[in-house]
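>>> Sharing a model prediction with you, sequence too.
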Amino acid sequence: MTKHVNCRDAGFDCSFEAEADDDDELVHEVQEHAKKAHDADFTREDVMGLAVSV
Ligand SMILES: [Zn+2]
């Protein structure tokens, strides 16, 4: 199942979006972005909490 994350939903003024079929890949993409762009550490739970199925 494809899941989608908007960085904006995490409270950042940011247009980053990630989409992946695989949860691990989605978590990795979002964690990497959050760290680089916002110096924020997202847990797997954080990312999955933001994810919506598309
Ligand atoms: Zn962002």
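Arrived safely, thanks for sending.
>>> got a pLDDT number for the one residue sitting closest to the centre of the chain?
The centroid of the chain falls nearest to residue 30 when counting by CA atoms, centre = their mean (3.5 Å). For residue 30, the pLDDT comes out at 98.
>>> ok, residue 15 - how many residues close by?
Using other CB atoms under 10 Å, residue 15 has 8 other residues around it. Where C-beta positions appear, they are placed from N, C-alpha and C, glycine not excepted.
>>> How about the secondary structure of it?
coil (DSSP: H, G, I helix; E, B strand; the rest coil).
>>> In a helix, the residue nearest to the centre of the chain, correct?
Yes - with three-state DSSP as the criterion, residue 30 is part of a helix.
>>> Now for it: which residues touch it?
5, 7, 18, 42, 47, 50 (CB atoms under 8 Å, 6 or more residues apart in numbering).
>>> Could you tell me which of these are located in helices?
Using DSSP state H, 47, 50 are the members of the contacts of residue 30 that sit in helices.
>>> Could you grab the helix/strand/coil label for residue 12?
Following three-state DSSP, we place residue 12 in the coil state.
>>> so it sits right up against residue 38, yeah?
Yes - at 5.7 Å, residue 12 counts as touching residue 38 under the criterion of CB atoms under 8 Å.
>>> For stretch 36-45, measure first residue to last.
Using CA to CA, to the nearest Å, one end of stretch 36-45 lies 19 Å from the other.
>>> which of the contacts of residue 30 has the most neighbours?
Among these, residue 5 has the most neighbours (other CB under 10 Å), with 26 neighbours.
>>> Can you name the residues bridging to that residue?
Counting by DSSP bridges, residue 5 is bridged to residue 18.
>>> what's the spacing between it and residue 42?
Between residue 5 and residue 42 the computed distance is 10 Å (CB to CB, to the nearest Å).
>>> On the pLDDT front, check residue 41 for me.
With respect to pLDDT, residue 41 scores 98.
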